[in-house]
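> Just a sequence and a predicted model for now, questions to come.
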Amino acid sequence: MKSELKKKVKKLSELDRLLNMVEKIDEPIEIVSEMDKAKDYIMDFISKEYEEERKEFEYEDLENIDIAYTTTKDEKYEIQAKVDLINYEVNTYIDDVLVNTDSYESLEDLNKYELQYLDYYSLVSVDDEDAERIESIKKEPG
């Protein structure tokens, strides 16, 4: 009799475990796309860096998302950083001339290695060679 009770308790326990699994399966599973992650990283960066209230904004052009802007110390050049979520890049421009591109194999890699670590000063830092190259471009007859 005792062994029969143990068997029934074991069976009941197994049925209870299975029922709990079914309940968990019925719970909605939230899946966040890599694009949504990228947009969240960008919004978080913008709200933190520019001390703005975090808000949703429209991404009109996923290949040209402005995220940083400044001028050189002498205010001679404008420096701008843009994110390209279609081609998985972060681009830096001096006076609208592309001077640096950090490219990734996928949106997942862009999120993993760049967007979650966005840093204003890294985005707008350019070296003297870049500035010299822009100066020579401006001097070219055109």
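All right, it came through fine. Numbers count the residues shown, from 1 in each chain.
> which residues does residue 111 contact?
The contact partners of residue 111, taken as CB atoms under 8 Å, 6 or more residues apart in numbering, are 34, 37-38, 41. Quick note: C-beta positions are derived from backbone N, CA and C, even for glycine.
> Tell me how far residue 69 lies from residue 127.
Distance of residue 69 to residue 127, computed by CB to CB, to the nearest Å: 18 Å.
> Tell me which of those two has more neighbours.
For the pair residue 69 and residue 127, the greater number of neighbours falls to residue 69 (14 against 10), based on other CB atoms under 10 Å.
> Assumed that one was part of a strand.
Yes: for residue 69, which was evaluated using DSSP: H, G, I helix; E, B strand; the rest coil, the result is membership in a strand.
> What distance do you get for it to residue 96?
Per CB to CB, residue 69 is found 12 Å from residue 96.
> Do a quick rundown of the strands in the chain.
Under the criterion DSSP state E, strands of the chain are mapped to 65-71, 78-84, 89-94, 97-103.
> can you redo these as JSON lines with distance to residue 131?
What follows is the strands of the chain, written out as JSON lines (distance: least, CB to CB, whole Å):
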{"stretch": "strand 65-71", "distance to residue 131": "12"}
{"stretch": "strand 78-84", "distance to residue 131": "9"}
{"stretch": "strand 89-94", "distance to residue 131": "7"}
{"stretch": "strand 97-103", "distance to residue 131": "9"}
